[in-house]
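Novice: Here you go, sequence then predicted model.
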Amino acid sequence: MILTEEKLKSIILDELRKTVFKEGLRHHYVNRVPVHESIYRIGSPCYFNVISQARDFYKKGLYEAVNEEERDILENTNLGEWAMFEGEEIPLDFPMYAETLEEAKKKKKKDPPIGKPSRNTGSGKKYKVFVRNPKTGKIKKITYGDSKGGLKGGWNSPEARKSFAARHKCAEKKDRTKAGYWACRAHKDFGPGIGRFW
């Protein structure tokens, strides 16, 4: 079989493309899938990278557009490129980005109630409270209280509360990020009508 110069050039170019194209772009090239019909999640870094690579190789004559829509994207848009806007890097010619940011803000998980003890529905300790660590600013979950006993029976008894406070040195507990602080106040938070600590 004799190879024509044209056929030989085509084979060499094909092998060159398979070598220099990164995996995502190679997949699009081999399977004849336009880059705007990305194999990656729309808006992900890989999505933008494939389009940017395709444009670079298209300009060098190594990548061929599959259809007119893809050609238009590669020739007439900046999709896949980034620029700074008001101190934030944003993708160009990607209108969904603004919508994606808004959706992300709406879906942002709300902080749990800080400093409001409640019964622990999970396993382990009887109560839980969320506190913000003043050093790190992070929210921490604290669980406390013996799930099988504790001061429950003696909350209305001043002697039992006093004994509990002495045993646990409640007067010294000042750190709200420690279980001991909240355990010493459990009767106030969960006891029937008890407004004082000990």
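Specialist: Sure thing, it's come through.

Novice: Run a quick neighbour tally on Arg71.
Specialist: When neighbours are counted by other CB atoms under 10 Å, Arg71 registers 14. The C-beta positions use only the backbone N, C-alpha and C, and glycine is treated the same way.

Novice: show me what contacts it?
Specialist: Ala65 (CB atoms under 8 Å, 6 or more residues apart in numbering).

Novice: try Ile142
Specialist: With CB under 8 Å, 6+ apart, Ile142 has these contacts: Lys128, Val129, Phe130, Val131, Thr177, Lys178, Ala179, Trp182.

Novice: export the host helix or strand of the last one as CSV, just CAs?
Specialist: Trp182 is part of helix 179-183 when elements are defined by DSSP states H and E. The C-alpha coordinates for helix 179-183 follow below in CSV (Å, rounded to 0.1, in the frame of the first residue of the first chain):
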residue,chain,number,x,y,z
ALA,A,179,-18.1,20.7,78.0
GLY,A,180,-17.6,21.4,81.7
TYR,A,181,-18.9,25.0,81.4
TRP,A,182,-22.2,23.8,79.9
ALA,A,183,-22.6,20.7,82.1
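
Novice: what does that helix contact?
Specialist: 117, 125, 127, 129, 142-145, 168, 170, 173-176, 189.

Novice: Out of the residues you listed, which sit inside strands?
Specialist: Those of the contacts of helix 179-183 mapping onto strands are Tyr127, Val129, Ile142, Thr143, Tyr144, per DSSP state E.

Novice: so the fourth one touches Asn120, yeah?
Specialist: Yes: with contact defined as CB atoms under 8 Å, Thr143 reaches Asn120; the gap is 5.5 Å.

Novice: Pull up the overlap in contacts between the two.
Specialist: Contacts common to Thr143 and Asn120, judged by CB under 8 Å, 6+ apart, are Tyr127, Lys128.

Novice: Distance check, the residue nearest to Ser38 when sequence neighbours are not counted against Ser163.
Specialist: Using CB to CB, 6 or more residues apart in numbering and skipping the chain neighbours, the partner closest in space to Ser38 is Tyr47 (4.8 Å). For Tyr47, the distance to Ser163 (CB to CB, to the nearest Å) stands at 65 Å.

Novice: Tell me which of those two has more neighbours.
Specialist: Tyr47 (21 against 14).

Novice: State the next helix or strand along the chain beyond the helix or strand of the chain with the lowest mean pLDDT.
Specialist: When the helices and strands of the chain are scored by mean pLDDT, DSSP states H and E, helix 96-107 comes last with a mean of 57. Going down the chain from helix 96-107, the next helix or strand is strand 118-119, by DSSP H and E.

Novice: Correct me if wrong: Glu89 contacts Trp82.
Specialist: Yes: using CB under 8 Å, Glu89 is in contact with Trp82, at 5.2 Å.
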